[in-house]
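Peer 1: Return atomic coordinates for the entry below.
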Amino acid sequence: MDPIWDYLRRTPEAALFLCLASGYALGRLRVREIQLGGICGTLIVALLVGQIGVQVDAGVKNVAFALFIFALGFSAGPQFFSNLNANSLRVGVLSIIEVIVATSLVLAATALLHLDRGTAAGLLAGAATESAVVGTAGEAIGRLPLPPDEIERLQANVATTYTITYLFGLITIVLFTTQAAPRLLGISLPDEARKLWTQYAGGDELARDQTPAMPDLVGRLYLIRKDGAIDEDGMTVDALEDAMRANITIERIRRGARDLTPFPALRLRAGDRILVVGRREALVAAAPLLGRELPAETGMELALEARRVFITRKDVDGLTVDALRALADKRVRHGVYLQALTRADRAVPLLPHTVLRRGDVVTLYGAPVDLDRATAELGYRITQTDSTDLVLLGFGIVVGMLIGSIVVPVAGVPISLGTGGGALVSGLVLGWLRARRPTSSALPPAAAMLLKDLGLATFIAVLGLSAGPHALDLIRSYGLTLPVVGVLVSLVPALVSLFVGHAVLKLAAPVLIGGIAGQQASTPAISAVLTSAGNSTPLLGYTVTYALSNVFLPLTGPLIVALAGQFGR
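Peer 2: Residues are numbered from 1 along each chain as shown. Prediction:
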């Protein structure tokens, strides 16, 4: 094996990509509901490879983390600011509980166990399963007035402690949300999720790879009969659509050899062929009024479009789906059907009583001319683009670095956001501005996802490689103490949130349990919860706390480093 080790030492970039590939392969392994994920897997592999003395330039680590944290902020900005309202903060209280309780427990452990700053920060990052804390804390340590060897040791302790405690924190939150929380509440999660889904007036939910045999939105061609709804005077287009409560739209009319443009006052005549688009149940109900259904006819085809629209209108925030339909101008809603709803990159149940938020993405279905009117009223169209604005990316990170360089003394302790926290704030603001002014610079979702995944994984790999030689020393020093404390730091905030959410906030059980998974920004936990619940109602809580915790938790990194110096060693 010596030639291989020598090659990796001489070619650290090869070692870096080896850690990324092997780490993500390790992270895909699953034991029941538990899956490490690519970031933790990468750090484990990097710590092992780091034992042979591979060193990667620290500049690679800094650039990778800056790209990651800016992209994280840019993606989270619209949802973060849209959740700063009374309704969302009712669930968002859980994120605040997570930050306060977890930070307090880590500081208490720091004082009792005499932890150093690196170990304390790694404990918070791992137990709260928030990888970004590793970066913000490690950067804060790098600015301390300490010898380079001591800074390297403390940063190594962040990585090692994170690796040790992450696994136990992950197992704890997955088991708590899927097993312990329902038992403590005395409920069956699948039953409660089913009740909530029914309460929101939903039908059976389909899995991601399933499609209904009878789709909700359909188009049909009819031959108008005189013995239907049409009398000698005829029925107007507007009257027919109103009779079906605007759940159908007449898109094409052919009278003899002439094609007519539908308009509200146009009267339908016996013998007209009309193309009707709408919800299946409405078309079934309308069939007796219309006449005989016809097969396809040349020239009566219509291309419909599914369009993703970002909601920016302030007065839409807080409205239910049903309320939006009722309040929308008839001209605007004509021919437009809501098909899907996404919040924080997660599909949310689109039910009559689902509350819409500014920053949500709705999928609208209909003819392009109808969609244009609705899009202008709701927000802006999300267009697919492969182009990333590098001006936005570069200047955004520079502005973030300037913000992070500001130092504010708090109780005699110098506190600053650092490059990571500053870039996060810069990304949040620019992402929010981009949502409000869609004509401004863009960072496409696919590009942002790549920057987040590759940036964080590269940062973690470089950190693990440099921390490798120190890892065994830390493990020998604390033994099983860190895993036990990690379980407590993960479990206690979840217990407090469960009590407050149930007894004080009166949250529905699926929403509460989803919110607890989100307060730790735990993707494995919400995946396990959704599987256990049987539908997506827990996402109504998860999307709120996930967006808030993805901002609050990384900002605790510099705070822990500053305060741990007062409590520990």
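
Peer 1: quick one: contacts for residue 67?
Peer 2: Shown in contact with residue 67 (Cβ atoms under 8 Å, 6 or more residues apart in numbering): 393, 397, 451, 454, 455. All C-beta spots, glycine's among them, are computed from the backbone N, C-alpha and C.

Peer 1: List buried members of those by neighbour count.
Peer 2: 393, 397, 451, 455 (16 or more other Cβ atoms under 10 Å).

Peer 1: which residues touch the last one?
Peer 2: Yep, that's residue 455 we're talking about. Applying Cβ under 8 Å, 6+ apart, the residues near residue 455 are 64, 65, 66, 67, 68, 69, 71.

Peer 1: which SSE is the fourth one in?
Peer 2: With secondary structure defined by DSSP states H and E, residue 67 is part of helix 58-82.

Peer 1: How about residue 224: which residues does it bridge to?
Peer 2: Judged by DSSP bridges, the bridge partners of residue 224 are residue 291.

Peer 1: What's the separation between residue 393 and residue 444?
Peer 2: When distance is defined by Cβ to Cβ, to the nearest Å, residue 393 is 11 Å away from residue 444.

Peer 1: check contacts around residue 167.
Peer 2: Residue 167 makes contact with 36, 40, 126, according to Cβ under 8 Å, 6+ apart.

Peer 1: Top of those by number of neighbours, please.
Peer 2: residue 126 (32 neighbours; other Cβ atoms under 10 Å).

Peer 1: that's a strand at that residue, yeah?
Peer 2: No - using DSSP: H, G, I helix; E, B strand; the rest coil, the secondary structure at residue 126 is helix, not a strand.

Peer 1: isn't it right up against residue 165?
Peer 2: Yes - with contact defined as Cβ atoms under 8 Å, residue 126 counts as touching residue 165 (3.0 Å).

Peer 1: Overlap in contacts, these two.
Peer 2: residue 486.

Peer 1: where does the stretch 401-550 of the chain have low pLDDT?
Peer 2: Under the criterion pLDDT under 70, the flagged ranges of the stretch 401-550 of the chain are 409-416, 436-441, 468-475.

Peer 1: Where do the strands of it begin and end?
Peer 2: 407-410, 413-416 (DSSP state E, counting those that start in this stretch).

Peer 1: thinking again about what came up before, show me which positions of the helix holding residue 67 end up buried.
Peer 2: Buried, per 16+ other Cβ under 10 Å, within helix 58-82: 60-62, 64-82.

Peer 1: Helices along the stretch 201-350 of the chain, start to end?
Peer 2: Secondary structure of the stretch 201-350 of the chain (DSSP state H, counting those that start in this stretch): helices at 237-243, 280-290, 321-327, 330-333.

Peer 1: My error: substitute the stretch 451-569 of the chain in the last question.
Peer 2: According to DSSP H, counting those that start in this stretch, the helices that the stretch 451-569 of the chain contains are 481-499, 509-519, 523-533, 539-567.

Peer 1: any idea of the mean pLDDT for stretch 285-293?
Peer 2: The pLDDT scores in stretch 285-293 average 78.

Peer 1: Can you tell me what sits against it?
Peer 2: 220-225, 228-230, 235, 240, 243-244, 248, 274, 276, 278.

Peer 1: cutoff 10 Å now
Peer 2: 220-230, 235, 240-241, 243-245, 247-248, 250, 268, 270-274, 276, 278-279, 283 (Cβ atoms under 10 Å, 6 or more residues apart in numbering).

Peer 1: Pull out the buried residues from it.
Peer 2: Under 16+ other Cβ under 10 Å, the buried positions of stretch 285-293 are 286, 289, 290, 291.

Peer 1: between these, which is nearest residue 535?
Peer 2: residue 286 (30.3 Å; Cβ to Cβ).

Peer 1: if I look at residue 159, how far off is residue 236?
Peer 2: Counting by Cβ to Cβ - residue 159 and residue 236 are separated by 71 Å.

Peer 1: Please apply the same query to residue 337.
Peer 2: In terms of Cβ to Cβ, residue 337 sits 22 Å off from residue 236.

Peer 1: what do you get for residue 496?
Peer 2: 61 Å.

Peer 1: Check residue 419 too.
Peer 2: In terms of Cβ to Cβ, residue 419 sits 64 Å off from residue 236.

Peer 1: higher neighbour count, the two?
Peer 2: When neighbours are counted by other Cβ under 10 Å, residue 419 comes out ahead of the other of residue 419 and residue 236, with 26 against 15.

Peer 1: Surely the more buried one is in contact with residue 61?
Peer 2: No - counting by Cβ atoms under 10 Å, residue 419 sits too far from residue 61 to count as a contact (11.3 Å).

Peer 1: Need the residues touching each of those two.
Peer 2: The contact lists of residue 419 and residue 61 share 135, 139, 142, where a contact means Cβ under 10 Å, 6+ apart.
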